[in-house]
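Asks: Predicted coordinates and the sequence they were generated for:
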Amino acid sequence: MSREFNVVIERDSEGYFVGSVPSLPGCHTQAKSLDELMERIREAIELCLEVQGNMTEPMDFIGVQQVSVEV
């Protein structure tokens, strides 16, 4: 069975790409290239599903919004 997951991708200050899956808490990884990141995030998703089971509820992707905050 095939399932689709939304992956949020950001770049950190050292140039690494960081991917996280909002519908799977704790499911994230990083890599130097996007190709490597996609391989690693697939593996991370498989491991998270193995540990958490397939009990995750599908979520519809709405969008991403940047918010500025004074600190």
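Replies: Perfect, I can see it now. Numbers count the residues shown, from 1 in each chain.

Asks: Who does the residue sitting nearest the centre point of the chain form a beta bridge with?
Replies: For the chain, S20 is the residue whose C-alpha lies nearest the centre (CA atoms, centre = their mean; 2.2 Å). As for beta bridges, S20 partners with V8, H28 under DSSP bridges.

Asks: mind listing what P22 touches?
Replies: Neighbouring residues of P22 by CB atoms under 8 Å, 6 or more residues apart in numbering: N6, V8, M59. The way it works is simple: take the backbone N, C-alpha and C, and place the C-beta from them, glycine included.

Asks: which one of those residues has the most neighbours?
Replies: Within these, N6 tops the neighbour count with 14 neighbours, counted by other CB atoms under 10 Å.

Asks: D35 versus that one, what's the distance?
Replies: For N6, the distance to D35 (CB to CB, to the nearest Å) stands at 19 Å.

Asks: can you check I62 too?
Replies: Separation of I62 from D35 (CB to CB) stands at 27 Å.

Asks: Which one of those two is surrounded by more residues?
Replies: D35 (10 against 7).

Asks: and the residue lying closest to A31 once chain neighbours are set aside, what does it touch?
Replies: Using CB to CB, 6 or more residues apart in numbering and skipping the chain neighbours, the partner closest in space to A31 is L37 (4.0 Å). Residues in contact with L37 (CB under 8 Å, 6+ apart) are I9, F17, V18, G19, T29, Q30, A31.

Asks: ok so, going back, closest one of the contacts of P22 to C48?
Replies: N6 (13.7 Å; CB to CB).
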